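Colleague: coords please:
(chains A and B)
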Amino acid sequence: MDTTFRELAAESRIEAVPLSHLSIELGHLYMEDFAAGPDRLRSQFTHVAPWARTAKETILAGAKPEQRRKARVSTCFLIDDYFTRFSSPAQVVPVLRAAAQDAGLEIDYLARESACASANGVPLAELVAGRLTPLPPEETNGSRPPVQETGWLPNGSRSPGNHDREAMRGKDWLPPSEIGARNHSVFVDVELWHDRGRNRLYSCAFLAAIWQLLRLGVLRSDGASVVRPVPVSEHEPTENWDDLPPILQLRDNAPPFCGYRTFSVLPSRFLQVEHAVRVILSQVVPQPEILDQITERGARDGMAVSRDVTERVDYVFFNGR
Amino acid sequence: MLVLGEIRTCMLQNSTPLGRLVVAELLKLMPGERVRLSDRPVAHAVSPTITTGVDCQLRTASRSRCRGVGTVAARAVVTGGRVLQGSAYVRLMPGVADHRLAWSHYLAMLGVVQTIGKFNVPDLADGFLTGHEPGDTLDLGAVSDRIVGTVQRAPQLDHVTALRSRRTRMRWAAVVVESDADRAGGELVIVDDIVRTFKLTACAGDLDKVVAFCENLALHDWILTTLLNIVERAEIDWTSDVVAETRLRPVVGNLLHLWMPGAHVDEAFLPLWHSLERKPGFTRQWEATVARIRDQLTLSTIAALTSADRR
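Modeller: Numbers count the residues shown, from 1 in each chain, chains lettered A, B, ... in the order given. Below you'll find the predicted structure:
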């Protein structure tokens, strides 16, 4: 006779998060957009609407037909309450929903940008910073820790001249180089945060990368999900941004917030930020158990989901307001 | 596929064994990830996995060139609140292209290094095990050392050495075979007083079990090596009370209860332990040495009592 024995604290447990097939980001609101009035918002949503429809068709094209009919597609919208505080949720939320509806769109989830830094007591930004595995230049054999400038993340090797001016004196300048570049480099060094006294201010690019990771469903804190949308019926927007839950679910019965794939429709001024987001995403190592979970469930849902998170993220950038 | 690993084993720099909660805090090397804690049959804690990117040449026995790109997985393990291990490993797989791919491709497979060049399993395994200093080639030992260093520097430790011991190094290679039927025995080599190599075979799904087995083997090899070194040093003046007090007594408090071959090892790998028990006979040597220490301590206690009586 055999006895089984387990110690739960010795096992790694990962909570599964519900997943849509596709998460569409309808926009990203800054103070100036809101200050410009509802017409600006309406015009933005009008630009976004046809792309959102196209995204459904193209991204789900790979799914089996019967799965495509039943496909779950959720929409979300990000409001900046981290860099500037403006107006109040009680005023912004109704205006935003109305502007989207005028363009034939429905916002399922509303998220606060500050929630990407820390949500429900979980320091998400610290958590993601801990998961950064910088890409190694050639001849990196593990004998030395990776060269890291605190708060910066490049997509290649920095120019040595910038590191050690004294040592470089009298020598030719050496350029930085993008790792994996074809012939020529597009070198990018992304600022993740800077510290002012005791306060750490995270960059828009870093928070936007966390926003993507949240939507991709790959973040956990001690195995528990960090995405917990609160229905608007349980939490009417008030006067204070801090009272608003990190993710507010505006529509009852909306498909899950996270998606196998994400799609963002953004004005072209976000291009640089999103390039930086890609530089960051390509250097964040997700927990393998989470990737296993997502790819297995994707297969059951008729979606081939890549283990490479950057292959699950799509964009359209448009000109005009 | 081939799995390569290197383990450093040493004593935690603390005057007393650490409790469960302190160990959990000590091993929290990745924010948002749990430390795995097990209390039976002996306290055992495993840190979350840390990854390090590499792109370098791999050592081969034939000296033919083979480049590897990917991530090294590494973790810290604490047993009995006393013994610390830094354990780094990679799964080597043939690459899908003749050049390096986007970094996100490699991050999708934690602890996998893909080769660019000829993927010859025996050549790579032997090169890794029999090679000398890694030089510019993949250096798993340095990754393990770094993780040991990170834990040893922690402010929770008082940095007092409870027992003199040396950091041992175990380099291991597991050749992945199709099925259990293809699995062969292991090959343990004691290279010198600190370096050991171990070669084994395993099935593809057994990676975690292989790592745990090798850590367990390295742990027991270290405990035995440490004990033998202490006895060897004590033998110079075996009968002195001072030696008994300062060298032998700490052994009883710090090491003896940790001897549990096969604890936290999957059943599929227990036969390997059993064969190591037959030859070289780990537990036989352990028991003989422990008996010798206990006898000596008893004798020195009796001597102390007798001399107290005389006075």
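Colleague: any low-confidence regions in chain A?
Modeller: Applying pLDDT under 70 to chain A picks out residues A:161-171, A:321.
Colleague: what's the longest helix in it?
Modeller: For chain A, the helix with the greatest residue count under DSSP state H is helix A:38-59.
Colleague: tell me the helices and strands packed up against that one.
Modeller: strand A:19-29, helix A:31-35, helix A:89-102, strand A:258-267, strand A:313-318 (3 or more CB pairs under 8 Å, 6 or more residues apart in numbering or on different chains; DSSP states H and E). C-beta: built from backbone N, CA, C; applies to glycine.
Colleague: could I have the helix or strand that comes right after the fourth one exported to PDB, CA atoms only?
Modeller: For strand A:258-267, the succeeding helix or strand toward the C-terminus, using DSSP states H and E, is helix A:271-281. The C-alpha trace of helix A:271-281 is given here as PDB (Å, rounded to 0.1, in the frame of the first residue of the first chain):
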ATOM      1  CA  LEU A 271       5.400  55.300 -31.800                       C
ATOM      2  CA  GLN A 272       8.600  56.000 -29.900                       C
ATOM      3  CA  VAL A 273       7.100  55.000 -26.600                       C
ATOM      4  CA  GLU A 274       5.800  51.700 -28.100                       C
ATOM      5  CA  HIS A 275       9.200  51.000 -29.700                       C
ATOM      6  CA  ALA A 276      10.600  51.400 -26.200                       C
ATOM      7  CA  VAL A 277       7.900  49.100 -24.900                       C
ATOM      8  CA  ARG A 278       9.100  46.400 -27.400                       C
ATOM      9  CA  VAL A 279      12.700  46.900 -26.200                       C
ATOM     10  CA  ILE A 280      11.500  46.200 -22.700                       C
ATOM     11  CA  LEU A 281       9.100  43.400 -23.500                       C
END
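Colleague: how far does the longest helix of chain A sit from the chain's center?
Modeller: How far helix A:38-59 lies from its chain's middle: 19 Å, per CA atoms, centre = their mean, to the nearest Å.
Colleague: for that helix, buried residues please.
Modeller: For helix A:38-59, the neighbour count (16 or more other CB atoms under 10 Å in any protein chain shown) marks A:41-42, A:44-49, A:51-52, A:55-56, A:59 as buried.
Colleague: closest to chain B among these?
Modeller: residue A:59 (18.5 Å; CB to the nearest CB).
Colleague: which other residues reach the longest helix of chain A?
Modeller: The contact list for helix A:38-59 (CB atoms under 8 Å, 6 or more residues apart in numbering or on different chains) reads A:21-22, A:24, A:26-27, A:29, A:33-34, A:71, A:73, A:75, A:95-96, A:98-100, A:102-105, A:261, A:263, A:265, A:267, A:314, A:316, A:318, A:320-321.
Colleague: related to what we said a few turns ago, turn the helices and strands packed on helix A:38-59 into JSON lines, columns for distance to residue B:307 and mean neighbour count.
Modeller: Below are those laid out as JSON lines (distance: least, CB to CB, whole Å; neighbours: other CB atoms under 10 Å in any protein chain shown):
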{"stretch": "strand A:19-29", "distance to residue B:307": "77", "mean neighbour count": "25"}
{"stretch": "helix A:31-35", "distance to residue B:307": "87", "mean neighbour count": "15"}
{"stretch": "helix A:89-102", "distance to residue B:307": "84", "mean neighbour count": "17"}
{"stretch": "strand A:258-267", "distance to residue B:307": "75", "mean neighbour count": "24"}
{"stretch": "strand A:313-318", "distance to residue B:307": "79", "mean neighbour count": "16"}
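Colleague: so which bits of the stretch 201-321 of chain A are right by chain B?
Modeller: For the stretch 201-321 of chain A, the residues in contact with chain B (CB under 8 Å from any CB of the partner chain) are A:219-223, A:281-288, A:291, A:306-311.
Colleague: among those, which are in helices?
Modeller: A:281, A:288, A:291.
Colleague: can you pull the contacts of the nearest residue to residue A:298 once chain neighbours are set aside?
Modeller: Spatial nearest neighbour of residue A:298, excluding adjacent residues (CB to CB, 6 or more residues apart in numbering or on different chains): residue A:305 at 3.4 Å. Residues near residue A:305 by CB under 8 Å, 6+ apart: A:260, A:261, A:294, A:295, A:298, A:299, A:312.
Colleague: give me the local confidence score for residue B:122.
Modeller: The confidence metric pLDDT takes the value 94 at residue B:122.
Colleague: roughly how far apart are it and residue B:202?
Modeller: According to CB to CB, to the nearest Å, residue B:122 and residue B:202 sit 15 Å apart.
Colleague: same question for residue A:121.
Modeller: From residue A:121 to residue B:202 the distance is 41 Å (CB to CB).
Colleague: okay, those two: which has more neighbours?
Modeller: Between residue A:121 and residue B:202, counted using other CB atoms under 10 Å in any protein chain shown, residue B:202 has the larger neighbour count: 23 against 7.
Colleague: quickly list what that one is bridged to.
Modeller: residue B:176 (DSSP bridges).
Colleague: contacting residues for it?
Modeller: B:3, B:174, B:175, B:176, B:177, B:183, B:209, B:210.
Colleague: least confident of the residues you listed?
Modeller: residue B:183 (80).
Colleague: rewinding a little: just curious, which of the contacts of residue A:305 is nearest to residue A:83?
Modeller: residue A:312 (26.9 Å; CB to CB).
Colleague: quick one, phi psi at residue A:13?
Modeller: phi -110, psi 130 (degrees, to the nearest 10).
Colleague: over to the closest residue to it other than its chain neighbours: give its phi and psi.
Modeller: Leaving aside its chain neighbours, residue A:13 sits nearest to residue A:223 (4.8 Å; criterion: CB to CB, 6+ apart). Dihedral angles of residue A:223 (phi, psi; degrees, to the nearest 10) stand at phi 90, psi -10.
Colleague: shouldn't residue A:223 be in contact with residue A:8?
Modeller: No: Residue A:223 is beyond contact range of residue A:8, at 11.1 Å (criterion: CB atoms under 8 Å).
Colleague: which one's more surrounded, the two?
Modeller: The residue with more neighbours, out of residue A:223 and residue A:8, is residue A:223; 16 against 8, by other CB under 10 Å.
Colleague: pull out the buried residues from the residues of the stretch 201-321 of chain A next to chain B.
Modeller: Buried, going by 16+ other CB under 10 Å: A:219-223, A:281-288, A:291, A:306-310, out of those.
Colleague: in the stretch 201-311 of chain B, what residue lies closest to chain A?
Modeller: residue B:264 (8.2 Å).
Colleague: check the gap between that residue and residue B:283 for me.
Modeller: With distances taken as CB to CB, residue B:264 is found 17 Å from residue B:283.
Colleague: of the two, who's got more company?
Modeller: With neighbours defined as other CB under 10 Å, residue B:264 and residue B:283 compare such that residue B:264 has more, 19 against 15.
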